[in-house]
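Peer 1: return a 3D structure for these sequence lines:
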Amino acid sequence: RGSNGHQQVLAKMGLLRGFLVLCLIGLLDTFLIGGLNYDPVACDEIGVTRIGLHQGKNEAFMLYFFIAHIYDNFLNPWHWTDEMRTASLTSGGFDLGPNLTVADVGAGTGFTTIGVLQQGVLPSNVMMLDQSPQQLSKARAKQELQGLAAIIEGDAENLPSNWTGHFDRYVSAGSIEYWPHPQLAIDEAARIIKVGGKAMIIGPVRATNPISRFFADMWYLFPEEREYEAWFKSAGFTDVKISRVTPSWYEGDRSHGLIMGCAVVGTKPAGWKEPTRKAPAKDTAEKASSGWNRALSLVMAAPRFALGSFGGAYYTLLPVAIYAKNVWLGGSWLAFAAAVLLPLLLALLLELAPRNHTPLGRGQELTDGIARLYNESSAIWESVWGEHMHTGYYDDYDDTTVFTRQDHLDAQTRMMKELLGKWDHLLRVARAAQEEQRPLRILDVGCGVGGSSRFLSQEVQTQATESGIEVEVEVVGITLSQYQRDRAEQLSADLVADGSSLTFKVLNALETSLDAESFDLVWSLESGEHMPDKSVWLREVARLLRPGGTFVCATWCSREEDGEPLTTAETRLLTRICKNYSLPEFVPLSAYGGFAAKARLDDFHATNESWSEDITPFWPAVIRSALRPLTVLRLLVSFNWTTIKGAFTAFLMMQGFDDETLNFGAFSVSKAGGQRRSSRSRRASLSRA
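Peer 2: Next comes the predicted model:
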């Protein structure tokens, strides 16, 4: 359970990779194989070459396995209304009466069958057929469908042989879109009705709007009216008539295509000859398959099903959007866009804005919030910015400078070098460790995924060696995030194997439980802002430092007040940042001098000027990286509101540094005892600061 956050992040990333693989397989299947599923005769005659991702028996089987329970109450009211059903069944001379026998093919839950019965056909003269057992189970439970001649499972492209010439009427509504070989199914319709009988197919019509056409073709078959007519005539039907149906709220607009958009009727003439077209051998084998073969075919269809569901989702929402536009918003797409986007924007602003002007707290709530923030966001940050989870230091730039990604990564390394070399503490504690013949031990507080710890291990060792100091360097990194600890160990494995001493622990910096006076250098790079009680934190730092040891810190601070308290607007801005980044209240840099004094840490050296100007290019770069398409995709796929809010909060950080409400500063304090620097050395250090 301890690594639950890490496992959740890995699971989400694994799901994303798995989904992308499924999509790739689906695309390959569609473009390399899918087009071959059409009857070649139909392709030659009317030039149909597209095929949707859900246009297949297995894909339809899976779809209705999931939606059978909501089909009547949720889908039909938006696509296939009572009025549309009545208008279709009474169009094109498709007369129905009590003495006629009717086959409803692809009957689903029986919605269209009920419409047939409402036209006066006797239940005992009606048979229902569908390939989905889930749909048919719903049909069998309906009181209106009791007493039918039969409700059976079957295939529209291979109807029962004993149905030949048996029916007066054939009807199929909302089924043709799933047929891989529509021509074969319409041939079958002609076979099972009597001479003089009539067949009706009610189905989709293709969109002319390019966006809707894209999603339609992705999903399943949306024929054009000319294709319906060609199929009917190729099957031997005469007197082919096409009637258009549209939901009333569409107000005649058919540009986006319709799932139920036209009713096509044809008559079987005297002297009709059965076409010789047959399904491909692989389809015939599939129809006869069962058991493991059936299961395998469903598995192979899963990628197409997953990818095609995007099109299905689009057409599920489209009629709702058109209803809102035409019924509620006066037919304006602009008004619709505003009605949709403004509430979303308002929700985001409300989420980013605080409900009151109080900090998040100082207890377990804050600790859990910090751990959750980094458990959920570290993977995305690392994928964009690499191993260093902190600001960069830019020492030579102007308004015309154009930075590359490598420039920003170099600035992050420069930030660590600047902090390590700002005061003359490093070689002093290294020499002390050498004289006492022990390792030089460093504690990295808020180590992230270990980037700064690895830097310290290598850089300190290099500087010590170059100065003639032979000492072993040991680095301990601590974090509240289990994900970061696990990732730090993973990224440091090669260095550890080569002999570096790197250890990572999940610990609270306010009470680490580490041995007292066991570290020569305590390092904190952008973790101080998370500390709820900074006085307690510096007391813990003092406990951990050896006599003569040093603590260096770079952190986000509020501006110095100097008799000018923070304004209401400044307080509001800082509170919004605190809320979204799991921070307590900000304090000015000078406040750390008081905390250090209470902890009996000496030589407080704050920079005379903040480093805010030196980090100015960083936050705009963070914002640009968050708006990159791949990063946006990662944020959306993460389904994580905390991470998404964190990305938007970068705008607030940039605002805070721009108007100087925020200050980025650094300081150094030492614990009394051990070797001390000369007054001349201290004066030189102060001069550099």
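Peer 1: could you list the low-pLDDT ranges of the protein?
Peer 2: Low-confidence regions of the chain, defined by pLDDT under 70, span residues 1-51, 279-301, 304, 333, 335-363, 606-609, 626-643, 674-689.
Peer 1: how about 50 then?
Peer 2: 1-10, 12-13, 25-49, 281-290, 354-361, 675-689 (pLDDT under 50).
Peer 1: could you check how many residues crowd around Leu334?
Peer 2: 9 (other CB atoms under 10 Å). C-beta: built from backbone N, CA, C; applies to glycine.
Peer 1: and the next element down the chain from the helix or strand hosting it?
Peer 2: Assigned by DSSP states H and E, Leu334 belongs to helix 333-352. Next along the chain after helix 333-352, taking DSSP H and E as the criterion, comes helix 364-385.
Peer 1: show me where the stretch 201-350 of the chain has helices.
Peer 2: When secondary structure is read from DSSP state H, counting those that start in this stretch, the stretch 201-350 of the chain shows helices at 210-219, 225-234, 281-288, 292-323, 333-352.
Peer 1: return stretch 600-619 as CSV; C-alpha atoms alone will do.
Peer 2: The C-alpha atoms that make up stretch 600-619 are tabulated as CSV, following Å, rounded to 0.1, in the frame of the first residue of the first chain:
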residue,chain,number,x,y,z
ARG,A,600,20.6,28.8,17.0
LEU,A,601,21.9,28.8,13.4
ASP,A,602,24.4,31.6,12.7
ASP,A,603,25.6,33.7,9.8
PHE,A,604,22.3,34.3,8.1
HIS,A,605,23.3,35.5,4.6
ALA,A,606,20.4,36.5,2.4
THR,A,607,21.2,37.8,-1.0
ASN,A,608,20.9,41.6,-1.2
GLU,A,609,18.9,41.2,-4.4
SER,A,610,16.5,38.4,-5.0
TRP,A,611,17.1,35.9,-7.8
SER,A,612,13.6,36.7,-9.2
GLU,A,613,15.1,38.5,-12.2
ASP,A,614,17.5,35.6,-12.8
ILE,A,615,14.6,33.1,-13.1
THR,A,616,12.3,35.3,-15.2
PRO,A,617,12.4,33.2,-18.4
PHE,A,618,11.5,30.0,-16.6
TRP,A,619,7.8,30.3,-15.9
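Peer 1: what comes up buried for that stretch?
Peer 2: Neighbour counts over stretch 600-619 (16 or more other CB atoms under 10 Å) mark 601, 603-607, 610-612, 614-615, 617-619 as buried.
Peer 1: can you check stretch 464-474 too?
Peer 2: Buried, per 16+ other CB under 10 Å, within stretch 464-474: 464, 469, 471, 473-474.
Peer 1: what's the end-to-end length of that stretch?
Peer 2: Start-to-end span of stretch 464-474 (CA to CA, to the nearest Å) is 13 Å.
Peer 1: how far does that stretch sit from its chain's centre?
Peer 2: Computed by CA atoms, centre = their mean, to the nearest Å, the separation of stretch 464-474 from the middle of its chain amounts to 47 Å.
Peer 1: next: stretch 154-164.
Peer 2: Centroid separation for stretch 154-164 versus its chain: 44 Å, with CA atoms, centre = their mean.
Peer 1: got it, and stretch 203-221?
Peer 2: Counting by CA atoms, centre = their mean, stretch 203-221 is centred 25 Å from the centre of its parent chain.
Peer 1: for that stretch, give the distance from the opening residue to the closing one.
Peer 2: 9 Å.
Peer 1: list the contacts of that stretch.
Peer 2: Stretch 203-221 is touched from outside by 50-55, 59, 172-179, 182, 222-225, 228, 244, 254-262, 264, 307-308, 310-312, 314-315, 318, with contacts defined as CB atoms under 8 Å, 6 or more residues apart in numbering.
Peer 1: out of the residues you listed, which are inside strands?
Peer 2: Secondary structure from DSSP state E places 172-173, 244, 258-262, 264 of those in strands.
Peer 1: buried ones among the residues you listed?
Peer 2: Using 16+ other CB under 10 Å as the burial test, these include 172-173, 258-262, 264 as buried.
Peer 1: determine which two of these are furthest apart.
Peer 2: Within these, two members stand farthest from each other by CB to CB: Ser172 and Leu258, at 16.2 Å.
Peer 1: which stretch of helix or strand covers Thr555?
Peer 2: strand 545-558.
Peer 1: name the residues of that strand that are buried.
Peer 2: Within strand 545-558, the residues that count as buried by 16+ other CB under 10 Å are 545-546, 548-558.
Peer 1: ok, of the buried residues of stretch 600-619, which one's closest to Ala149?
Peer 2: When those are compared against Ala149 (criterion: CB to CB), the nearest one is Trp619, at 72.7 Å.
Peer 1: now do the contacts for the closest one.
Peer 2: Contacts here follow CB under 8 Å, 6+ apart; on that basis Trp619 touches 650, 653-654, 657.
Peer 1: can you do 6 Å?
Peer 2: Contacts for Trp619 (CB atoms under 6 Å, 6 or more residues apart in numbering) come out as 650, 653-654.
Peer 1: still on that earlier bit, whichever helix or strand comes after the strand holding Thr555 vs helix 364-385, what angle?
Peer 2: Following strand 545-558 in sequence order, the next helix or strand is helix 568-581 (DSSP H and E). With axes from the mean of the first three to the mean of the last three CA atoms, to 10 degrees defining the directions, helix 568-581 sits at 80 degrees from helix 364-385.
Peer 1: next, the buried residues of the next helix or strand after helix 568-581.
Peer 2: Next helix or strand after helix 568-581 toward the C-terminus (DSSP H and E): helix 591-598. By 16+ other CB under 10 Å, the buried positions in helix 591-598 come out as 591-593, 595-596.
Peer 1: which neighbouring elements make contact with helix 591-598?
Peer 2: Under the contact definition 3 or more CB pairs under 6 Å, 6 or more residues apart in numbering; DSSP states H and E, helix 591-598 sits against helix 534-544.
Peer 1: identify the residues contacting the helix it packs on?
Peer 2: With CB under 6 Å, 6+ apart as the test, helix 534-544 has contacts from 510, 514, 516, 519, 522, 531, 551, 595-596, 598-599, 601, 671.
Peer 1: rerun that using 7 Å as the cut-off
Peer 2: 443, 509-512, 514, 516, 518-519, 522, 528, 531, 551, 587, 592, 595-596, 598-601, 671 (CB atoms under 7 Å, 6 or more residues apart in numbering).
Peer 1: got phi/psi on Glu387?
Peer 2: Per-residue torsions, Glu387: phi -80, psi -20 (degrees, to the nearest 10).
Peer 1: I figured it hits Gln490, correct?
Peer 2: No - judged on CB atoms under 7 Å, Glu387 makes no contact with Gln490 at a distance of 10.9 Å.
Peer 1: which one of those two has more residues nearby?
Peer 2: Glu387 (20 against 12).
Peer 1: neighbours of the residue nearest to the more buried one when sequence neighbours are not counted, how many?
Peer 2: Leaving aside its sequence neighbours, Glu387 sits nearest to Gly451 (CB to CB, 6 or more residues apart in numbering; 3.6 Å). By other CB under 10 Å, the residues close to Gly451 number 25.
Peer 1: hmm, Gly451 is touching His388, no?
Peer 2: Yes - at 4.1 Å, Gly451 and His388 qualify as touching, with contact defined as CB under 7 Å.
Peer 1: which ones are touching Thr109?
Peer 2: Counting by CB under 7 Å, 6+ apart, Thr109 has contacts 68, 71-72, 135, 138-139.
Peer 1: just give me the closest of the residues you listed to Thr571.
Peer 2: Set against Thr571, the nearest of those by CB to CB is Tyr71 (54.0 Å).
Peer 1: give me the distance between the residue nearest to that closest one when sequence neighbours are not counted and Lys57.
Peer 2: Excluding the flanking residues, the one nearest Tyr71 by CB to CB, 6+ apart is Thr109, at 5.5 Å. Thr109 sits at a distance of 18 Å from Lys57 (criterion: CB to CB, to the nearest Å).
Peer 1: got it, and Ala149?
Peer 2: Going from Ala149 to Lys57 by CB to CB gives 24 Å.
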